[in-house]
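# Have a look at this prediction, sequence included:
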Amino acid sequence: MLIFTDQEKQQASIKMFEVVLERIRLANSEGSVRSITRRVIAVMFTGVFLLMLVAAAGLYPWFEEWATHIFKCSMVLKNAIIAIIIFYFGSYGLGYILEKKGKK
């Protein structure tokens, strides 16, 4: 069992944050075909998920059974979509915030 002092916890948090920031900087600067392909796939998966949610909402008044089925199918993708949003799109948001702070 590890026991950290408050100062050690702060140092570990700072180190972890620096690693995350470096990863975000590297991800934002990538322009390779592989990187672009990953982003396109991320956008496509997110789009399909959102389309399923909109379809379920649109069909619900007339075809409740179908809407429920589509919604259940979309919930299977929920965790994957959350991971995609955090990993691919979260870095852009964080990069934008850091860029704004750097200009002040």
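All right, it came through fine. Numbers count the residues shown, from 1 in each chain.
# in the helix or strand where residue 83 lies, what's buried?
In this assignment (DSSP states H and E), residue 83 forms part of helix 78-84. Going by neighbour count (16 or more other C-beta atoms under 10 Å), the buried part of helix 78-84 is 81, 84. Heads up, the C-betas are built off the backbone N, CA and C, glycines and all.
# Could you report the neighbour count for the closest residue to residue 23 other than its chain neighbours?
Closest residue to residue 23 apart from its sequence neighbours, by C-beta to C-beta, 6 or more residues apart in numbering: residue 91 at 7.8 Å. For residue 91, the number of neighbouring residues by other C-beta atoms under 10 Å comes to 18.
# Test my guess that residue 91 contacts residue 24.
Yes. With contact defined as C-beta atoms under 8 Å, residue 91 and residue 24 form a contacting pair (4.4 Å).
# quick one: residue 87 from residue 65, how far?
Here the criterion is C-beta to C-beta, to the nearest Å. By it, residue 87 lies 35 Å from residue 65.
# and if you look at residue 90?
When distance is defined by C-beta to C-beta, residue 90 is 36 Å away from residue 65.
# Tell me which other helices or strands the longest helix seen in the chain touches.
If you go by DSSP state H, the chain has its longest helix at helix 33-59. Using 3 or more C-beta pairs under 8 Å, 6 or more residues apart in numbering; DSSP states H and E as the contact criterion, the elements in contact with helix 33-59 are helix 64-76, helix 78-84.
# Nearest to residue 47, out of the ones you listed?
helix 78-84 (10.3 Å; C-beta to C-beta).
# which other helices and strands contact the closest one?
With contacts defined as 3+ C-beta pairs under 8 Å, 6+ apart, the packing partners of helix 78-84 are helix 33-59.
# Quickly note the distance from the residue lying farthest from the centre of the chain to residue 53.
Most distant residue from the mean C-alpha position of the chain: residue 62, 33.0 Å away (C-alpha atoms, centre = their mean). Per C-beta to C-beta, residue 62 is found 17 Å from residue 53.
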